[in-house]
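Colleague: how would this look folded up:
(one chain, ligands or ions: 2)
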Amino acid sequence: MNGYFFSFEGPEGAGKTTMIGKLESFLRERGFDVMVTREPGGVRIAEAIRALILNREYTEMDGRTEALLYAAARRQHLLEKIVPALEAGRVVLCDRFVDSSLAYQGFARGLGVEEVWKINEFAIDGYMPSLTVYFDIDPQIGLERIRQNREREVNRLDLETLSFHDKVREGYRKLAKRFAERIVVIDASRPLDDVFSETVATVLSRLEGSKRHFHESNRDDSCWT
Ligand SMILES: Nc1ncnc2c1ncn2[C@@H]1O[C@H](COP(=O)(O)OP(=O)(O)OP(=O)(O)O)[C@@H](O)[C@H]1O
Ligand SMILES: Cc1cn([C@H]2C[C@H](O)[C@@H](COP(=O)(O)O)O2)c(=O)[nH]c1=O
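Modeller: Ligands and ions are numbered 1, 2, ... in the order given. I've put the predicted structure just below:
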């Protein structure tokens, strides 16, 4: 497979969607064949699962049900959209991937990173991004950005407590330390242009590298906690 698989992660309002949009234009102008997609979603079945998971009315949703639904959406998305794009040699920019499940369901929801990884391992079957850009931000700032953005609908996960969102950030930071080779941390609290310059530099350096996507099989699971 000749494509590049890059994912973008962060707490709510970190600026992922904004940066991916700008990066898409930047790369297209330079002749790259780019595909932008998102999780949960990206294809019909996964978008239907997204609507279910994020529906604010479903306050009774169990944590494991939530984790399984994200993994199911991921599986369908991967098979229908990401793998064919990689096979066609495209640059895939994915707004969230498995690290979201590890940070939100594994750490913040308290299900355990190992357990959440296990169900996702089954879902992703070895496909992992070669680069994950993690936009780090204080959740209070991110949530405030979302509040200011009238076009952004408030979903079930947004309504979690601040302490939940703080745990999400803590989880991401642990993941970034554990997978330092794959996850690049960018301080997303800075002005948009600064965040974008660093994002471009990070992505370009990987596009020039040889590693495209890999099976994260040599994990040392001893440092999740
Ligand atoms: N560096 C920045 N400084 C100030 N505002 C920003 C910055 N980056 C993005 N924003 C604004 O913050 C809001 C949220 O950005 P965006 O939708 O890109 O975040 P997101 O990480 O995709 O959020 P979510 O995943 O929660 O939907 C938008 O109104 C966007 O214009
Ligand atoms: C993929 C994934 C996502 N989430 C959460 C993170 C956000 O709260 C929503 C998605 O909304 P966005 O506006 O598209 O960022 O879902 C999660 O908890 N687990 C996951 O695997």
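Colleague: got the contact list for the residue nearest the centre of the chain?
Modeller: The geometric centre of the chain, computed from its C-alpha atoms, lies nearest to Arg96 (C-alpha atoms, centre = their mean), at 1.8 Å. By C-beta atoms under 8 Å, 6 or more residues apart in numbering, the contact set of Arg96 is 7-9, 16, 38-40. (C-beta placed from N, C-alpha, C; glycine too.)
Colleague: ok, so of those, who is nearest ligand 2?
Modeller: Glu39 (3.9 Å; C-beta to the nearest ligand atom).
Colleague: not counting its neighbours along the chain, what's nearest that closest one?
Modeller: On the basis of C-beta to C-beta, 6 or more residues apart in numbering, the spatially nearest residue to Glu39 that is not a chain neighbour turns out to be Arg96, at 4.4 Å.
Colleague: how much space separates the one you found from ligand 1?
Modeller: For Arg96, the distance to ligand 1 equals 7 Å [C-beta to the nearest ligand atom, to the nearest Å].
Colleague: quick revisit: any chance of the contacts of Arg96 in TSV, with pLDDT and neighbour count too?
Modeller: Formatted as TSV, the contacts of Arg96 follow (pLDDT from 0 to 100; neighbours: other C-beta atoms under 10 Å):
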residue	pLDDT	neighbour count
Ser7	98	27
Phe8	98	28
Glu9	98	27
Lys16	98	24
Arg38	98	19
Glu39	98	21
Pro40	98	24
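Colleague: those residues in strands, which ones?
Modeller: In this view, the contacts of Arg96 that belong to strands under DSSP state E are 7-9, 38.
Colleague: pick out the most distant pair among those residues.
Modeller: With C-beta to C-beta as the measure, no two of the ones in strands among the contacts of Arg96 lie farther apart than Glu9 and Arg38, at 11.7 Å.
Colleague: any low-confidence regions in the protein?
Modeller: 209-225 (pLDDT under 70).
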